[in-house]
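Here is my input; please provide its structure:
(4 chains)
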There are 2 protein chains.
Amino acid sequence: MTRTQTRREKVEEREQTIISAAHDEFLKHGFAGAKMAAIAGRAGVAEGTVYLYFRSKDALLLAVVGQFYERLTARAAAGIRNIDGIYERLAFIARNHIESCLADWRILELMMAQYRRLEDYESGEPYRYNKTYVAVFDRVVRDAVSRDQIRDDIPLHVIRDLFFGALEYATRTHMLKRGKPRDVDLIVDTLMTILERGIGVAHYNGDEMKHVESVIDRLERVATRLENETIT
Amino acid sequence: MTRTQTRREKVEEREQTIISAAHDEFLKHGFAGAKMAAIAGRAGVAEGTVYLYFRSKDALLLAVVGQFYERLTARAAAGIRNIDGIYERLAFIARNHIESCLADWRILELMMAQYRRLEDYESGEPYRYNKTYVAVFDRVVRDAVSRDQIRDDIPLHVIRDLFFGALEYATRTHMLKRGKPRDVDLIVDTLMTILERGIGVAHYNGDEMKHVESVIDRLERVATRLENETIT
DNA sequence: ATTTTAAATGAGTCAAGCTCATTCGTCACA
DNA sequence: TGTGACGAATGAGCTTGACTCATTTAAAAT
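A predicted model of the protein is given here:
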């Protein structure tokens, strides 16, 4: 008989099974409503076994949330790699955020409820998860600032809070109103428009405006010429 | 002996005592950490008495949250009465929101945790509390839209989510970083600047803008024509 | 084959939300 | 002033569910 799994592999597989079971149970019943016995049942192990893998119900939730963040971060980081343009990148992050949150809404709620305890937040794991995720966003913004595409007089943390705060609330509204997937586009587009105007460097100020006008003049001449040529 | 209180008054006073006790206990220990026995102790009544006034621990939390919202709404509504100018009004609402949330942060967390259950959210009391609060904001924005101070092509709900989402996240960041009261000004100012640029009607004068747009229209028509000709 | 070590089990403990039979306080009326 | 009636208050006890630990089972080492 071939040994298909090492001991280590078996243990890790079981851990994953328990996390998945917990994910489903939390998703269905919420944190308070989820029962450790039910999670153990779903995972096909005894209740005591769960406690060999996770210290407590909280620790189990933390593992679930951790995996959520890992997916979220991985998708965001991979997605923007093939995208140029600051607002296109932000739009991708926004859409990824909304869609991921919609799928795992309950988990997110739980995370917030449990892990926003402030006193020791910065030392906790959720904080680190969040930090690596947010780093993806920060890099995009800092990059854009260095290219003079975003004003440098707005603190990064304010932009960040605005971005993710708006996304979270918009996601909730979307969920409450049972919006259609199409609506997500509207949300993302609108948000990008506001952001572009709000934090982008002004396109139409003073000298630049004159430049714009000269370009418009040239375009107009071109347009006229084209029209005439087409007619003849 | 003069009767200082009617029966009814006594009951209401006791109810208030219990709510206050719960508020303090929740604030100190969070929802899960708060014990009904401790709340009863703080209020100076027996544990069973609490259940004469509130069906459950959840109902008690709801009452606490309700009072928070009432204060929040009353202050916001009263504050903007003496203020003119859309951004000045929004700034007041923003500052009131941040300061109130900072004071009762824990309560807010709890509320979110408990009452974002989506299925029956719209029928619940917290939803109504939130709605009347948000109505103050909506009125300001709608008023500004009707005066052409805010673009009318941005859905109100997106502005609202952006506003309150940004505020909530900014408040949390402020709390985490243990910011100073002075920083709140910076947050509010920055947010207002972004909002003004992002949702305000364009500043550059109308004629120029119309001119630009008419040129764009022409270009578009020309482009379409060219495309068609290329095909044939 | 036997020992050793790690993993799994589930009956049992404990804490906390909630209930309810009982007691208490107050007021109306004789 | 005594007494009956009724709503308010009480806290011992019930229930539920997170967590523990003595015991059993499986795997690895010798």
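
Any residue of whichever strand or helix holds residue A:130 touching chain B?
Assessed by DSSP states H and E, residue A:130 sits inside helix A:125-146. No. Contact between helix A:125-146 and chain B is absent, the nearest approach being 8.7 Å (criterion: CB under 8 Å from any CB of the partner chain). (Glycine included, C-beta is placed from N, CA and C.)

for stretch A:44-56, the distance to its chain's centre please.
Stretch A:44-56 has its average C-alpha position 31 Å from the chain's average C-alpha position, going by CA atoms, centre = their mean, to the nearest Å.

So it, near DNA strand C or not?
Yes. Among the residues of stretch A:44-56, A:45-49, A:51-52 lie within reach of DNA strand C under CB under 7 Å from any atom of the strand.

Now neighbour count too, for these, in JSON lines please.
JSON lines is the format used below for the residues of stretch A:44-56 next to DNA strand C (neighbours: other CB atoms under 10 Å in any protein chain shown):
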{"residue": "A:45", "neighbour count": "17"}
{"residue": "A:46", "neighbour count": "12"}
{"residue": "A:47", "neighbour count": "13"}
{"residue": "A:48", "neighbour count": "9"}
{"residue": "A:49", "neighbour count": "13"}
{"residue": "A:51", "neighbour count": "15"}
{"residue": "A:52", "neighbour count": "13"}
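
Let me know the closest of these to chain B.
If you rank these by distance to chain B using CB to the nearest CB, residue A:51 comes first, at 18.5 Å.

Quick check, pLDDT for the closest one.
On pLDDT, residue A:51 comes in at 98.

Just the closest residue of chain A to DNA strand C, please.
Of the residues in chain A, the one nearest DNA strand C is residue A:48, at a distance of 1.8 Å by CB to the nearest atom of the strand.

That residue belongs to a helix?
Yes. Residue assignment for residue A:48, taken from DSSP: H, G, I helix; E, B strand; the rest coil, places it within a helix.

What does the pLDDT read for it?
Confidence at residue A:48, expressed as pLDDT, is 97.

neighbours around residue A:93, how many?
Neighbour count for residue A:93, taken as other CB atoms under 10 Å in any protein chain shown: 24.

what's the helix or strand for it?
helix A:86-103.

after that helix comes which helix or strand?
Scanning forward in sequence from helix A:86-103 by DSSP H and E, the next helix or strand is helix A:105-115.

pLDDT-wise, which helix or strand of chain A ranks last?
Among the secondary structure pieces of chain A, namely its helices and strands, helix A:206-231 has the lowest mean (mean pLDDT, DSSP states H and E), a mean of 62.

next one: stretch A:184-202 to chain centre, how far?
With CA atoms, centre = their mean, you get 16 Å for stretch A:184-202.

Oh, that last question was meant for stretch A:62-80, not what I typed.
The gap between the average C-alpha position of stretch A:62-80 and the chain average comes to 8 Å, counting by CA atoms, centre = their mean.

repeat for stretch A:132-148
Taking CA atoms, centre = their mean, one finds stretch A:132-148 lying 14 Å from the centre of the chain it belongs to.

List of residues touching it?
Counting contacts by CB atoms under 8 Å, 6 or more residues apart in numbering or on different chains, the residues outside stretch A:132-148 that touch it are A:69, A:72-73, A:76-77, A:80, A:86, A:89-90, A:93, A:150-152, A:156, A:159-160, A:163-164, A:201.
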